[in-house]
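Q: here's my sequence, what's the structure:
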Amino acid sequence: MEFPTMLGRVIRNGQLQVVDPSGGLAHYGDGTGPVLRLRLADAAVGREIAADPALKLGEAYMDGRLIVEEGDIFDLLSLLRRNGVRRAATLGLKAKGLLRLLAYQVNARVPVNRNLRNVAHHYDLDARLFDLFLDRDWQYSCAYFEPRDITLDEAQTAKERHITAKLLLKPGQKVLEVGSGWGGLGMYMAESSGVDVTGITLSEEQLAVSRARVAARGLSDRVRFELTDYVDVKGEFDRIVSVGMFEHVGVANYGKFFNTMARVLKKEGVMVLHYIGRVKPAYTINPWIEKYIFPGGYLPALSEVLPAIERAGFLVKDIEMLPMHYAWTLRAWRERFVARWDDAATLYDERFCRMWEFYLAAMEAAFRHDRLPIIQLQLARHQDAVPFARDYIGETEAKLREFEAARPPLAPVRY
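A: Numbers count the residues shown, from 1 in each chain. Below is the predicted model:
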């Protein structure tokens, strides 16, 4: 199928203009809404995208062969999803998708630990890159926009507050943070609740930054970070929290993950797991995201996770779905990144910048149009570990707001 034919099948609503390499202009859609104009840089790029849109659309944008002259790349991805990209599916594309699904499932079940390699691919990028678009606490996971009109910094603090309230922390407790990022949540829990935090990560870049932050904050006696995989955790903990890490565990390892958590969590303990989910199983991941952004990643539906939780002996005490908060987070990240484009290009290059913009835009479009939710699970091993009513969450959050008002401001991240 040729590129113009594909666009003609997909674009029914909206206003898309495509300029071919010779300067010819084609129109798609019903003429409603703002104009979105694309330019094809060479004669082959349209054929390549039509032959494999899931992979080649992103590659063409990265390589500067698909140029957005009016609007931006999010507008294009949103337009495609609003119109229904499945209309582009031919028998050949369906066969290609099935082969990718089979290859992904086989690879995901091979008993080889690729955690360190996969984490390094994304999280060991230059720390200065993340400083361009994250909030002041370097939270690289979904913020909690409650209420909706707060800033990104406020929403990330609200996320830390909300999760901390669900953990029911008490002074002196030992907390394990699985996937500790740049240390912000660990410092928040220690300062707000008087707990002792051990964070584990597989990113050497994040480890160095988080240790430096803790030392500068004077919290080294209460917060420590280790370069450790979750399967190697030793000891016992009163609380476990994991934010934005479970997506990298892999479909074949859910049993191993929850069995490990059950082994190191005390009988009266509580665990909060925050991750990107789906409304139903997908069994694979977008090939462009797999190749360039998150190798080995997978976004599970609740139906894929709950059986492993039950087999590990956990009780599900609370499930909360946050359906739009990540779309708002990604929009804020993308706007901040684009505003610092020249700085990012100095760190890497223009191709990398287009790749990163495409990643943020594609993820936002997915959350807006594919109904992806953030899922927060509260787990326990004992029936009485968590109150029987949810009032305690709001009450604890009110106390945490008092702490935040008196908390010394966070210093700039050093790296």
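
Q: and the chain, what are its domains?
A: 3-89, 116-406 (automatic domain parsing).

Q: what's the helix or strand for A398?
A: Per DSSP states H and E, A398 falls inside helix 391-406.

Q: any regions of the stretch 1-150 of the chain where pLDDT drops low?
A: 1, 87-121, 123-124 (pLDDT under 70).

Q: in it, which spans are helices?
A: For the stretch 1-150 of the chain, helices defined by DSSP state H, counting those that start in this stretch occupy the ranges 3-10, 45-51, 53-62, 73-83, 91-109, 115-123, 127-131.

Q: so what secondary structure elements neighbour the first one?
A: The reference is to helix 3-10. Packing partners of helix 3-10 (3 or more Cβ pairs under 8 Å, 6 or more residues apart in numbering; DSSP states H and E): strand 16-19, strand 25-28, helix 45-51. All C-beta atoms are positioned from the backbone trio N, CA, C, and that covers glycine.

Q: got those as JSON lines, with mean neighbour count and distance to P287 columns?
A: Below are the helices and strands packed on helix 3-10 laid out as JSON lines (neighbours: other Cβ atoms under 10 Å; distance: least, Cβ to Cβ, whole Å):
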{"stretch": "strand 16-19", "mean neighbour count": "19", "distance to P287": "23"}
{"stretch": "strand 25-28", "mean neighbour count": "14", "distance to P287": "25"}
{"stretch": "helix 45-51", "mean neighbour count": "20", "distance to P287": "13"}
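
Q: so for R390, which of these sits nearest?
A: Nearest of the helices and strands packed on helix 3-10 to R390, taken as Cβ to Cβ: strand 16-19 at 46.1 Å.

Q: just the strands in the stretch 101-250 of the chain please.
A: 174-178, 196-201, 223-227, 237-243 (DSSP state E, counting those that start in this stretch).

Q: which one of these lies closest to D63?
A: Closest among these, using Cβ to Cβ: strand 196-201, at 32.5 Å.

Q: in its sheet, which strands sit next to that closest one, and in what direction?
A: strand 174-178 (parallel), strand 223-227 (parallel) (DSSP bridges).

Q: need those strands in TSV with mean neighbour count and mean pLDDT, can you?
A: Listed next are those as TSV, based on neighbours: other Cβ atoms under 10 Å; pLDDT from 0 to 100:
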stretch	mean neighbour count	mean pLDDT
strand 174-178	23	98
strand 223-227	19	97
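
Q: possible to save these as CSV with distance to T396?
A: Formatted as CSV, those follow (distance: least, Cβ to Cβ, whole Å):
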stretch, distance to T396
strand 174-178, 15
strand 223-227, 20
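
Q: of those strands, which is nearest I285?
A: strand 174-178 (21.1 Å).

Q: give me every residue that touches the residue nearest to the spatial centre of the chain.
A: For the chain, the residue sitting closest to the mean C-alpha position, by Cα atoms, centre = their mean, is S141 at 5.6 Å. Counting by Cβ atoms under 8 Å, 6 or more residues apart in numbering, S141 makes contact with 159, 181, 243-244, 274.

Q: can you pick the most crowded of those?
A: Ranked by the number of neighbours (other Cβ atoms under 10 Å), the contacts of S141 place K159 first, at 29 neighbours.

Q: quick check: closest non-adjacent residue to D20.
A: Take D20 and drop its neighbours on the chain: the residue closest to it by Cβ to Cβ, 6 or more residues apart in numbering is L40, 5.4 Å away.

Q: what's the answer for V231, then?
A: T260 (5.9 Å).

Q: cool, and V249?
A: Per Cβ to Cβ, 6+ apart, closest to V249 is F257, 5.0 Å.

Q: let me have the strands of the stretch 101-250 of the chain in a markdown table, extended by distance to A389.
A: Shown next, in a markdown table, are the strands of the stretch 101-250 of the chain (distance: least, Cβ to Cβ, whole Å):
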| stretch | distance to A389 |
| --- | --- |
| strand 174-178 | 24 |
| strand 196-201 | 28 |
| strand 223-227 | 31 |
| strand 237-243 | 20 |
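
Q: for V35, find the nearest of the ones you listed.
A: Using Cβ to Cβ, the strands of the stretch 101-250 of the chain put strand 237-243 closest to V35, at 40.0 Å.

Q: from the rest of the structure, what touches the helix holding A398?
A: 157, 161-162, 164-166, 168, 191-192.

Q: tell me the buried residues in that helix?
A: By neighbour count with 16 or more other Cβ atoms under 10 Å, helix 391-406 contains the buried residues 393, 396-397, 400, 404.

Q: for stretch 344-352, same thing?
A: 344, 347, 352.

Q: returning to that earlier point: restricted to helices, list the contacts of helix 391-406.
A: Counting by DSSP state H, the contacts of helix 391-406 place 157, 161-162, 164-166, 191-192 in helices.

Q: and the residues you listed, which is closest to R336?
A: Looking across the ones in helices among the contacts of helix 391-406 and measuring by Cβ to Cβ, the closest to R336 is T157, at 16.7 Å.

Q: leaving out chain neighbours, which residue sits closest to the closest one?
A: E404 (6.4 Å).

Q: next one: D126
A: L347 (5.4 Å).

Q: who's in contact with the one you found?
A: 126, 128-129.

Q: okay, it: pLDDT?
A: Confidence at L347, expressed as pLDDT, is 95.

Q: what does the one 10 residues further on give?
A: For E357, the pLDDT comes out at 98.

Q: distance check, it against M363.
A: 11 Å (Cβ to Cβ, to the nearest Å).

Q: of the two, who's got more company?
A: Ranked by neighbour count (other Cβ under 10 Å), E357 and M363 place M363 first, with 23 against 20.

Q: list the contacts of that one.
A: So M363 contacts 326, 330 (Cβ under 8 Å, 6+ apart).

Q: tell me if I am right that it is in a helix.
A: Yes. Counting by DSSP: H, G, I helix; E, B strand; the rest coil, M363 is located in a helix.
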